[in-house]
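Engineer: quick one: sequence plus predicted model below, questions after.
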Amino acid sequence: MKALKKVLLLIFTVGIFACNQTKNNLTHILNFDADKEEIEIGNMLDSLNTAAAKADFKSYFNFYADSAVFTGTDATERWNKTEFMNYAKPFFDRGKAWSFTSIQRNIYFDKTGETAWFDKLLNTQMKICRGSGVAVKEGKSWKIKQYIL
């Protein structure tokens, strides 16, 4: 009988904890506006493209999280943010980096609303390309955590 009481107490305690966790998650989800966040991410990705087209090095790399990883079109192109900055700096210094325009974009969110992943078709100097990546919410801003071109 004591063992049964302990098991029931344990189940009750876990249930209360789980309900509180669900309630906290629901509160976040109820406050999450997917349409608004999708627009914010779209604007961030468009601004990223604009910054590159204008060779605005600082603005371009401010859209990346400090721990971001960029994977380019060539098999050797996998860089952390600092390595990507070093690679890209000469292009930006010449006043012309690259000019990509989104043709079509899909954005998805995890259940917390703090992580999103995207894929997009891009009009580029290399013809039509696909970009995809992961963005994370840092404070009130979305930052690119991973980008694959």
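Structural biologist: Nice, thanks for sending it over.

Engineer: mind giving me the packing neighbours of the helix or strand containing Glu38?
Structural biologist: In the assignment (DSSP states H and E), Glu38 maps to helix 34-53. Secondary-structure packing of helix 34-53 (3 or more Cβ pairs under 8 Å, 6 or more residues apart in numbering; DSSP states H and E): helix 57-62, strand 101-109, strand 115-124, strand 127-138, strand 141-148. Bear in mind the C-beta positions are built from the backbone N, C-alpha and C, glycine included.

Engineer: any stretches of this protein with poor pLDDT?
Structural biologist: 1-30 (pLDDT under 70).

Engineer: tell me the centre residue of the protein?
Structural biologist: Geometric centre of the chain, nearest residue: Ala135, 0.4 Å, by Cα atoms, centre = their mean.

Engineer: that older thread, save the helices and strands packed on helix 34-53 as CSV, and put in distance to Pro90 too.
Structural biologist: Conversion of these to CSV gives the following (distance: least, Cβ to Cβ, whole Å):
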stretch, distance to Pro90
helix 57-62, 10
strand 101-109, 23
strand 115-124, 19
strand 127-138, 21
strand 141-148, 19
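
Engineer: let me know how buried the closest residue to Phe32 other than its chain neighbours is, in neighbour terms.
Structural biologist: Nearest residue to Phe32, sequence neighbours excluded (Cβ to Cβ, 6 or more residues apart in numbering): Gly113, at 3.9 Å. Neighbour count of Gly113, defined by other Cβ atoms under 10 Å: 16.
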